[in-house]
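Chemist: Return a 3D structure for these sequence lines:
(chains A and B)
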Amino acid sequence: DVKVTQSSRYLVKRTGEKVFLECVQDMDHENMFWYRQDPGLGLRLIYFSYDVKMKEKGDIPEGYSVSREKKERFSLILESASTNQTSMYLCASSRVAGGGNTIYFGEGSWLTVV
Amino acid sequence: GENVEQHPSTLSVQEGDSAVIKCTYSDSASNYFPWYKQELGKGPQLIIDIRSNVGEKKDQRIAVTLNKTAKHFSLHITETQPEDSAVYFCAASGGGNQFYFGTGTSLTVIP
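Modeler: Model (predicted):
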């Protein structure tokens, strides 16, 4: 089975702190994604990466950056956390595009910024 | 880009009844349509998917139908059980790397 692991499930950070959310997948997938999930807004794409060191902005990249130094690992970075970044963050991975390649999600990271 | 709309946003059914969730999409290039179930405090899990060359797919109590002409697809859950209570998301994907998600349907099955 595909496994996407988000190392931190629950975090509480202070405003202005730098926050790292780590994600690892074990299926050699080319694509990795970071989504933010808020009630009533569904899943919103922050960034995705289709290869090592490659990244593309999603719908809401402001205030976030990402890092993909190894194929299996994709990190989301909040340079200076703000209260409006309190949310659930979901990491996901999939094989390269072409249609029919399922996206698999991790269990989510609940971030509270105080 | 693609736009996926999902209805209804909330749905309550009696145990044993059927539940239907509908999604529409805008990009005719989309050719893969997965459905996800998200239980409280967990990440979305794939429950069923359908490709554009198929009109219907069934897996036990769950079925998905696709109408490419009308650009809509639906999830059908029969003989609902309390453990079916969750949030369900539809998605569409085409030739690009991205997946486009509906805003979710919160299904409650009343015992």
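
Chemist: neighbouring strands for the lowest-mean-pLDDT helix or strand in chain B, and are they parallel or not?
Modeler: One helix or strand of chain B scores below all others by mean pLDDT, DSSP states H and E: strand B:99-101, with a mean of 90. Sheet pairing for strand B:99-101, assigned by DSSP bridges, gives strand B:86-93 (antiparallel).

Chemist: quick check: angle from the helix or strand following the least confident helix or strand of chain B to strand B:86-93?
Modeler: Tracing the chain C-terminally past strand B:99-101 and defining elements by DSSP states H and E, one meets strand B:105-110 next. On the basis of axes from the mean of the first three to the mean of the last three Cα atoms, to 10 degrees, strand B:105-110 is oriented at 150 degrees to strand B:86-93.

Chemist: Can you tell me the strand partners of strand B:105-110 and which way each runs?
Modeler: Here strand B:105-110 is paired, per DSSP bridges, with strand B:10-14 (parallel), strand B:86-93 (antiparallel).

Chemist: And for B:Lys58, the neighbour number?
Modeler: The tally of other residues near B:Lys58 (other Cβ atoms under 10 Å in any protein chain shown) stands at 12. For the C-beta atoms, the positions are set from N, CA and C on the backbone; glycine is no exception.

Chemist: check contacts around it.
Modeler: The neighbourhood of B:Lys58, defined by Cβ atoms under 8 Å, 6 or more residues apart in numbering or on different chains, consists of B:Val64.

Chemist: For A:Glu72, which residues are in contact?
Modeler: Residues near A:Glu72 by Cβ under 8 Å, 6+ apart: A:Val24, A:Gln25, A:Asp26, A:Asp28.

Chemist: Quick one, which of those residues are buried?
Modeler: By neighbour count, with 16 or more other Cβ atoms under 10 Å in any protein chain shown, these hold A:Val24, A:Gln25 as buried.

Chemist: Keep only those of the contacts of A:Glu72 that are in helices.
Modeler: Per DSSP state H, helices hold no members of the contacts of A:Glu72.

Chemist: which stretches of chain A have low pLDDT?
Modeler: For chain A, applying pLDDT under 70 flags the ranges A:1-2, A:97-100.

Chemist: need the residues of it near chain B, please.
Modeler: For chain A, the contact set with chain B under Cβ under 8 Å from any Cβ of the partner chain comprises A:4, A:31, A:33, A:40-43, A:45, A:48, A:50, A:56, A:58, A:90, A:94, A:96-108.

Chemist: Give the PyMOL command for selecting the buried subset of the residues you listed.
Modeler: In PyMOL, this line selects whichever of the residues of chain A next to chain B come out buried by 16+ other Cβ under 10 Å:
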select buried, chain A and resi 4+31+33+42+43+45+48+50+58+90+94+97+100+101+102+103+104+105+106+107+108
